[in-house]
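*Asks:* Structural data only, the sequence is not supplied:
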């Protein structure tokens, strides 16, 4: 069974689904044209399915105009940019297609 993925399309979505979420949320900033993003995305989805609902996975398409402010704040150094938030606070992050860091982040999210 595939876990539910949160799709962030507006600043209001960001506030409600990420910052106000009581569960830990791993946020994947990606773009369809980004090769490393395409490689990392299924890895994150797989980790999310294995988490048994202990944390949420949210995706942010950096090309959505309404999200430029959020994208420029969190994905300014490149994509894929992946962040772990818990109760509105950034806990950790990494940049690029790094499966080891993704697994480490998923483990950390599950322990929060």
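*Replies:* Good, I have the coordinates. Nothing here was measured: the structure is a model prediction, and the numbers come from that model.
*Asks:* Okay, buried residues for the longest helix along the chain please.
*Replies:* Ranked by residue count under DSSP state H, the longest helix found in the chain is helix 35-50. By neighbour count, and taking 16 or more other Cβ atoms under 10 Å as the criterion, the buried residues in helix 35-50 are 37, 40, 41, 43, 44, 45, 47, 48. Backbone N, C-alpha and C define where each C-beta goes, glycine included.
*Asks:* go on, stretch 22-35?
*Replies:* Judged by neighbour count using 16+ other Cβ under 10 Å, the buried positions of stretch 22-35 are 24, 25, 26, 27, 28, 29, 30, 31, 34.
*Asks:* for stretch 89-99, same thing?
*Replies:* By neighbour count with 16+ other Cβ under 10 Å, stretch 89-99 contains the buried residues 91, 93, 94, 97, 98.
*Asks:* export the buried residues of stretch 22-35 to TSV and tack on distance to residue 81 and secondary structure?
*Replies:* TSV is the format used below for the buried residues of stretch 22-35 (distance: Cβ to Cβ, whole Å; DSSP: H, G, I helix; E, B strand; the rest coil):
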residue	distance to residue 81	secondary structure
24	17	coil
25	14	strand
26	11	strand
27	8	strand
28	8	strand
29	4	strand
30	8	strand
31	11	coil
34	10	coil
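*Asks:* With respect to residue 56, which of those residues is nearest?
*Replies:* Here the nearest of the buried residues of stretch 22-35 to residue 56, counting by Cβ to Cβ, is residue 25; it sits at 4.5 Å.
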